[in-house]
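Q: Structure for the following, please:
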Amino acid sequence: MKYISKLNILFLILVLLLAGMLVLNFYNPPLKTGFYCGVVSVPYDQPILISANSTGEMLYKDNCKSCHKLHAESVGPALSGITERRSKKWIYAFVQNSRGLINKGDTMAINVYNKYNKAEMTSFPTFTKAEIDSILMYIEHSLLYIPEK
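A: Prediction:
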């Protein structure tokens, strides 16, 4: 009789131990790793850029990247953090018609124009707000936190 009760207790301990291991494994998934500029497997905790925003990535690469970098000034200003520096309403207006804002005397548009050697940004009047939003989402959620060269 003592032998059976000891076996039951041992079995109960084993079940609790396994349950605890499963719970720990479930709530502590392994760190995600990736490669960054020759650095070996650096863990990160930012969300992976989902394919639903591939439109923003495509639009950025096809229309913005030649003049703008994410983290460094180029022909135009760095775009990382743009939604913190400017309102979306202003961004929509500037992207769709930068010359119009400059001609209306918009101080921010004139300052950008003057700062970058009076290089006028190409206007994209056919871009919808949704397309501009997808570009902004790509910029703000990009995992490229390393300055571009």
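Q: what's the helix or strand for Met121?
A: Secondary structure assigned from DSSP states H and E places Met121 in neither a helix nor a strand.
Q: From what I see, Tyr116 and Gly76 are in contact.
A: Yes - in this structure, Tyr116 sits in contact with Gly76. The criterion is CB atoms under 8 Å, and the distance is 5.7 Å. C-beta here means a position set from N, CA and C on the backbone, and glycine is covered the same way.
Q: what's the domain layout of this structure?
A: What automatic domain parsing lists as the domains of the chain is 1-30, 51-141.
Q: which secondary element of the protein has the worst mean pLDDT?
A: Taking mean pLDDT, DSSP states H and E as the measure, the helices and strands of the chain show their lowest mean at strand 39-43, namely a mean of 48.
Q: And the contacts of stretch 85-95?
A: Outside stretch 85-95, the residues that touch it by CB atoms under 8 Å, 6 or more residues apart in numbering are 82-83, 100-101, 106, 108-109, 112, 121, 123-124, 127, 129, 132-133, 136.
Q: give me the low-pLDDT residue ranges for this structure?
A: In the predicted model, the chain carries pLDDT under 70 at residues 1-3, 29-53, 143-149.
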